[in-house]
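Chemist: kindly generate the corresponding structure for this input.
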Amino acid sequence: MPMWYRAICGKLFWKKWHRQAPSGFSGPSRIRYDGRSLQSSQPDHMGWATGHIAKLKTGETVSFRPRGHSMAGKIESGQLCTVEPVTDIATLAVGDIVLCKVNGNEYLHLIRAIQGQRFQIGNNRGLINGWIGPNALYGRCIKVAP
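Modeler: Numbers count the residues shown, from 1 in each chain. From the prediction side, this is the model:
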């Protein structure tokens, strides 16, 4: 910071804005000038499917028109998808299209692999999103209509 900037803003502002990292800390500071954390205070953000997931958790079947091309060939952008709640994970198989949450992101993607209670989720273009447990699976797509 140039000297003229410090002179204009004042010493108090300078000290408040540029906090010293604790001794022994070797990474960038995760604290803003006002003391709040840089990370979000709300870990569960509102995604495109948050409302549908809430209905699936209550046992309702939902219909919606997802946008995007990650599932092209199975679901085209804007097609009407009907999703029912997952009640028994033993009925899920590789190739099923599921509404799930992987690393905080909501997807209507394929089950690519199953390992015991874990499911590998990916799109229809070869991208793998990651592994999830049964509590991150909310519904299975049972119908795709134009």
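Chemist: show me the contacts for the closest residue to Glu60 other than its chain neighbours.
Modeler: Nearest residue to Glu60, sequence neighbours excluded (C-beta to C-beta, 6 or more residues apart in numbering): Pro85, at 7.4 Å. Where you see a C-beta, it was placed from the backbone N, CA and C, and this is true even at glycine. Going by C-beta atoms under 8 Å, 6 or more residues apart in numbering, Pro85 touches 56-57, 59-61, 138-139.
Chemist: again, only using 6 Å
Modeler: Contacts for Pro85 (C-beta atoms under 6 Å, 6 or more residues apart in numbering) come out as 56, 59, 139.
Chemist: secondary structure class for the closest residue to Asn105 other than its chain neighbours?
Modeler: Nearest non-adjacent residue to Asn105, counting by C-beta to C-beta, 6+ apart: Gly47, 7.0 Å away. Using DSSP: H, G, I helix; E, B strand; the rest coil, the structure places Gly47 in coil.
Chemist: low-confidence stretches in the chain?
Modeler: Applying pLDDT under 70 to the chain flags the ranges 1-44.
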